[in-house]
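>>> Could you work out the structure for the sequence below:
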Amino acid sequence: MVDWNKFKTWEDEEGFYKTPYLQGPKERLKIGELVSLANTLFNTRSGNITVGDGVTFGHSVMVLTGVHDMTVRGRSEEHTSELQSH
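Below is the predicted model:
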């Protein structure tokens, strides 16, 4: 079970290297037992994150969620035309 009292938001300054940070809904973050988080930033705005038991994070690690399709190769037509218009 996640102890949300150990988490701070991005705007907090105190305890930077020993306090994990959360951007997004806390319901989307699942953390196992015996996990060392350091000052890991978790971004759950675009999806869920699950950390298994016994995981250790180094300092300044970011675990991010995204909504882009990883199977698409090259630039999308929308992005290409956007670049050409500038």
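
>>> Helix or strand with the lowest mean pLDDT in the protein?
In the chain, the helix or strand scored least confidently by mean pLDDT, DSSP states H and E is helix 77-84, which has a mean of 52.

>>> Tell me where the protein has strands.
21-23, 29-31, 41-43, 49-51, 62-64 (DSSP state E).

>>> Residue 74: which of those is closest?
strand 62-64 (21.9 Å; C-beta to C-beta). (C-beta placed from N, C-alpha, C; glycine too.)

>>> Remind me what that closest one packs against, helices and strands.
Applying 3 or more C-beta pairs under 8 Å, 6 or more residues apart in numbering; DSSP states H and E, we find strand 62-64 packed against strand 41-43.

>>> List the contacts of the strand it packs on.
By C-beta atoms under 8 Å, 6 or more residues apart in numbering, the list of residues contacting strand 41-43 from outside reads 10, 20-24, 29, 49, 60-65.

>>> ok, 6 Å please
21, 22, 23, 24, 29, 49, 62, 63, 64, 65 (C-beta atoms under 6 Å, 6 or more residues apart in numbering).

>>> Is it possible to mark the buried ones in the residues you listed?
Listed as buried from these are 21, 22, 24, 29, 49, 65; burial here means 16 or more other C-beta atoms under 10 Å.

>>> Mind listing the residues bridging to the first one?
Listed beta-bridge partners, residue 21: residue 8, residue 41 (assigned using DSSP bridges).

>>> That one and residue 71, how far apart?
Going from residue 21 to residue 71 by C-beta to C-beta, to the nearest Å gives 30 Å.
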